[in-house]
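**Student:** everything below, folded, please.
(chains A and B)
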Amino acid sequence: MNLELFIPELSLAAFAIVVILLDLFTRRKGLLVAVSLAGLVVSAGFTIAMWGGGSQAIFNNMLAVDNFALFFKLLFLGIAALVILASVDYVSKFARFRGEYYALVLLSTLGMMLMAATAELIAIYIALELTSISLYILAGFLKDPKSTEASLKYLLLGAVASAVLLYGMALVFGFTGETQLGEIARTIQAMPPQALLASPALILGIVLLVAGFGFKIAAVPFHMWVPDVYEGAPTPITAYLSVGSKAAGFAIILRVFYSAFGLPEWLSLDWGLIFAVLSAIGMTLGNVVAISQTNIKRMLGYSSIAQAGYLMVGLATVGLSPAADILGRSGLLFFLASYALTNLGAFIAIIAISGKLNSDLIDHYSGMGKRAPLLALALTLCLISLIGLPPAAGFMAKFYIFSGAVHHGLLWLVIIAVINSVISAYYYLRVVKVMWLGQPASAEKVPSSPALRVALSISCLGVLLLGVIPGYIMKLAEVAARMFIF
Amino acid sequence: MPYQLAWLIFLLPFFAFVIISFFVRPFLNHKPKLSGYITIAAISGSLFLSIWALIAVLAAPGHELPIPDINWVIIEGGVTIHLGLIMNSLTAVMLIVVTVVSLMVQIYSQGYMHGDPGYHRYFAFMSLFTTSMLGLVVADNLLFLYVFWELVGLCSYLLIGFWFHRPAAANAAKKAFIVTRLGDFGFLAAILLLFHNTGTFDIAQLHSLAVAGTLAGTTLTWAAIGIFAGAVGKSAQFPLHVWLPDAMEGPTPVSALIHAATMVAAGVFLVARMFPLFAHSEQALLTVAVIGGFTAIFAATMGLVMTDIKRVLAYSTISQLGYMMLGLGTGGVAIGIFHLFNHAFFKALLFLGAGSINHATGTFDIREMGGLRRLMPWTYATFVIASLSIAGIWPLSGFWGKDEILVSSLASQPILFYLAMLTVFMTAFYMFRVVFLTFGGQYRGGGSGTKPRQSPSFIGGEVDKKPHESPSVMVMPMVVLAILAVVSGFWNVTGQFGKFMGHGETYSFVQGFFGILAHPLPWVSLILAGLGILLAYAMYSAKWLSAERLGRMFAPLYTLFSRKYWFDELYENIFVGKALVNGFFAGLQQFDNKGVDGAVNGVANATMAGSRAIRRAQTGQLQLYGLFIGIGVLAIIICIYFFG
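**Tutor:** Numbers count the residues shown, from 1 in each chain, chains lettered A, B, ... in the order given. Here you go, the predicted structure:
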């Protein structure tokens, strides 16, 4: 067994434990931030060292160590680092349990890393629960009524979704007799070509898997938890949920559906279309409801539902394209990277502004261009990227994912997506308008802490780089998309 | 030095723009001089690199440096868009022109714009203007070039309307932008036509396709004419010449830059850059020559009667640009660009001189000047050198450029040659009319602040006092340009410039420094120019002839010229007023208000209503949320069952 291939996860787990223990002995909580960041950097270092190597499997083919997993691991580590930087001020408000906060962020990151690598149904479930349970706790960290409600709703609905997922896994296992994704694929392939309807058990299993994973990525109609939890959770955790947990959901869907159900054409066509329809519904509902939101965190909640819709355009493309075609997969990975930077940037700016205003209402952002020009500029850039306008990353991301979809006969879906992008411009630009053209409520400046500024600069720089010179990240995404072992 | 450094030539002024706009202006606003220094430093760097590039290009085999491309956007299995530079003789010469003139103008501006509240903004825009022009010159594909082309247009808009609080300036800026856009439309259409037919934006590839004959026939002709339409707009050729005289509303150094090196030169440069396309289409080449030759004399007639010094210079620019087009159309790149090269220096000098006079007298009206020869000796001396040069007097630079054009037009289009000869006479006359009225005789009092055309900082300032010479920061650049106005023409005395441009095969009229005087043609043009000067002297200095009586004798012509052939009225009242505003636009407005707005508002209202309705589903009830998961699963299964 190659334990060294598991070192990124092991080292991160070790650092999480160190953070918990250190919390008992030190009063200087800044140290915890440093140790957490160090853990992420060390783990990232190990991950980078493995990049480009051949694909291998460990633990009896339960975990895949391929470039696809490594790409996602790096993404999660980066997201976690930005979230921790963005949390430094926020956490100082908590009287207790600061060490646990950081440790839980690290543990949920560990869960996400495992989600990107697992290639076996039971391991998938365990990784998913490791991620989710950490996040349930983190969502309730503020301990005020809203936060508690958010946490409880998330927990209960998450449990329902887990149950649905388990039921789906059980049916798939019952139909194929296998839990390992590669084995499942081989079993299904050995069957004669047929319509999906010919095997109702498999249908039900796949639909339940879609529902269970759809909960994680906030696909309509499994999205109902999103606005309430996003609004109530501590803002850094909202940011984390909106990018980390969603990216992990897409990683696992991509692996399960592409590896297990991808090869027989009759099957992949069907699940591709399921995602196409969910995508159309998701982006339309998310964008339309976002229009009437007054709270910026809720608005971004609906926006993230809509973005999940755009991402599912990529999933549908993967389903409908031949296995050798990487356009859909690489586009999806690029979109996830760009979306992670953009949404984190937006949330970090909101943490900085709302932390000072003590309000998340969009109206209270009035005149922010005068009170905090750089924060307002950064938020504007991120919102422009969310709309998908150049020179921000969102433009290239949408460009890649939509052009892939058009290549594979999803023109109708791309037309819906483009109409949706226009609708989305309304509510994103409304925030921009309020910030730059509105009258400031007071002349008082809105300061921000160094940690926030660093985090915000990194995300904005990333958004610009991906938007202006997308070639480099696209190359990485292509390498990752090509290297699948299961 | 590594060739990649050539990127810095246009990036340096861009950095200056970024630094001034985002750091100096917000944070160091109290240090007014800083932005001027940053701009000057950046452009000096560009100048240094341009000189290096020129030397390297001169030494390189085939006069072309290979510069590695940058792959900008790669689409798997699709288009790859490169960003790259062409560094050949044409580029190198243009780089020198742009950086030298721009640097002199920036130095001069420190004095001219001193104390203006928009000082930082001014230098930020000037840096961007220079960047755009330099980028346009080095770009190796049409897409990249077009970006800079539009940036040049944008910067000219920003700078002509620099004093935007004055309606005249704001209107002039709009006019310049809109009129040049008409030409840009042709250029864009040509780019798309070329891409549609060849699948490439790359200039070198387009050249070889045209030379090989793959790109030929009507496609080539229409593409070339479309490109020329863009050049007509930017270079203010007939019939899109109307914006340039109004562009005087900007600060005078901006005019110097626009007229000499950046904006209007872009059109001539574009034709030169795409010349192989023109060379393989006889109709296109003829169009260039005819429009150029006609514009040259057409603009010169209006220059005869203007009373605003900058307007005289503006018409002289249009006329000289016509010469350049004529040179391109009849002789080739070397001849057209050589005149551009010489013209840049003396025209920049004339504008800086006009600015200097305005700085001293507070007016641009030549009737209110006079007697400045003693008061402003440096301005006088340099202005006269520039005037002699533009009149084409041997051995100043204007002579060498102009004679090449005359010879080549005689060889291919004799009618245009006679028009060009007549223009020589007019040019000499109107330039020396300005010289005698401005510098000769007695001081006639200046504008006493009644003319609104000066920078606000001068109003009520120095205008009451007697005019005096400008500060040395303004005089120095004028002296440098005066030296260049004398010597720049020597480059082609033995035909070196023509060889450098690689146009050995086209007509070249090289006779040597004194040898040229052995030929009859230069004598004809010199005599005509001399007669022009003499007539100006007779009318405005010695007063042998009364200008008023002559004006009355030729009253119809005088009115025709001074009303600018009623082109402004024609465009504004007939085309824009009647046809567009009352006819087409009114109809569009109806359609817009009723049809488009109705539909858009309807959709928007429906969306908002939908948003509110769906929002109600988000009750906060956990049971309902759970129920939705179940309904969702059920709905998918039902859909698959029915549609799958």
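**Student:** can you get me a residue count around residue A:349?
**Tutor:** The tally of other residues near residue A:349 (other Cβ atoms under 10 Å in any protein chain shown) stands at 31. Just so you know, the C-beta spots here come from the backbone N, C-alpha and C atoms, and that holds for glycine as well.
**Student:** ok, now how distant is it from chain B?
**Tutor:** Separation of residue A:349 from chain B (Cβ to the nearest Cβ, to the nearest Å) stands at 18 Å.
**Student:** gap between that residue and residue A:376?
**Tutor:** Residue A:349 sits 8 Å away from residue A:376, going by Cβ to Cβ, to the nearest Å.
**Student:** what of residue B:89?
**Tutor:** The spacing between residue B:89 and residue A:376, counted by Cβ to Cβ, is 49 Å.
**Student:** surely residue A:325 is in a strand?
**Tutor:** No: Residue A:325 is assigned coil when assessed by DSSP: H, G, I helix; E, B strand; the rest coil, not a strand.
**Student:** tell me how many other residues crowd it.
**Tutor:** 18.
**Student:** for it, which non-adjacent residue is spatially closest?
**Tutor:** Once flanking residues are discounted, residue A:325 sits nearest to residue A:408: 7.6 Å by Cβ to Cβ, 6 or more residues apart in numbering or on different chains.
**Student:** cool, residue B:236 as well?
**Tutor:** Closest residue to residue B:236 apart from its sequence neighbours, by Cβ to Cβ, 6+ apart: residue B:244 at 3.9 Å.
**Student:** number of residues surrounding that neighbour?
**Tutor:** Neighbour tally, residue B:244, other Cβ under 10 Å: 28.
**Student:** with residue A:36 instead?
**Tutor:** Using other Cβ under 10 Å, residue A:36 has 28 other residues around it.
**Student:** and the helix or strand in which it is found, what's buried?
**Tutor:** Taking DSSP states H and E as the definition, residue A:36 sits inside helix A:30-50. Under the neighbour-count criterion of 16 or more other Cβ atoms under 10 Å in any protein chain shown, helix A:30-50 has A:32-33, A:35-37, A:39-40, A:42-44, A:46-47, A:50 buried.
**Student:** now what about that helix, what contacts it?
**Tutor:** Helix A:30-50 has contacts (Cβ atoms under 8 Å, 6 or more residues apart in numbering or on different chains) with A:5, A:7-9, A:11-12, A:14-16, A:18-19, A:22-23, A:26, A:65, A:70, A:73-74, A:77-78, A:80-81, A:84-85, A:88, A:98-99, A:102-103, A:105-106, A:109, A:113, A:451.
**Student:** in strands, which of those residues appear?
**Tutor:** Residues of the contacts of helix A:30-50 located in strands (DSSP state E): residue A:65.
**Student:** need the longest helix for chain B.
**Tutor:** Selection of the longest helix in chain B by residue count, based on DSSP state H, yields helix B:167-198.
**Student:** helices and strands around the helix or strand following that one, which ones?
**Tutor:** Downstream of helix B:167-198, the first helix or strand assigned by DSSP H and E is helix B:203-212. Secondary-structure packing of helix B:203-212 (3 or more Cβ pairs under 8 Å, 6 or more residues apart in numbering or on different chains; DSSP states H and E): helix B:142-160, helix B:167-198, helix B:275-279.
**Student:** do that again at 6 Å, thanks
**Tutor:** Packing contacts for helix B:203-212, counted by 3 or more Cβ pairs under 6 Å, 6 or more residues apart in numbering or on different chains; DSSP states H and E, involve helix B:275-279.
**Student:** now do the helix it packs on: everything it contacts.
**Tutor:** Outside helix B:275-279, the residues that touch it by Cβ atoms under 6 Å, 6 or more residues apart in numbering or on different chains are B:207, B:210, B:211, B:224, B:284, B:285, B:333.
**Student:** next, format these as a markdown table and append neighbour count and pLDDT.
**Tutor:** Shown next, in a markdown table, are the contacts of helix B:275-279 (neighbours: other Cβ atoms under 10 Å in any protein chain shown; pLDDT from 0 to 100):
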| residue | neighbour count | pLDDT |
| --- | --- | --- |
| B:207 | 18 | 86 |
| B:210 | 24 | 85 |
| B:211 | 13 | 85 |
| B:224 | 27 | 90 |
| B:284 | 24 | 87 |
| B:285 | 23 | 88 |
| B:333 | 25 | 83 |
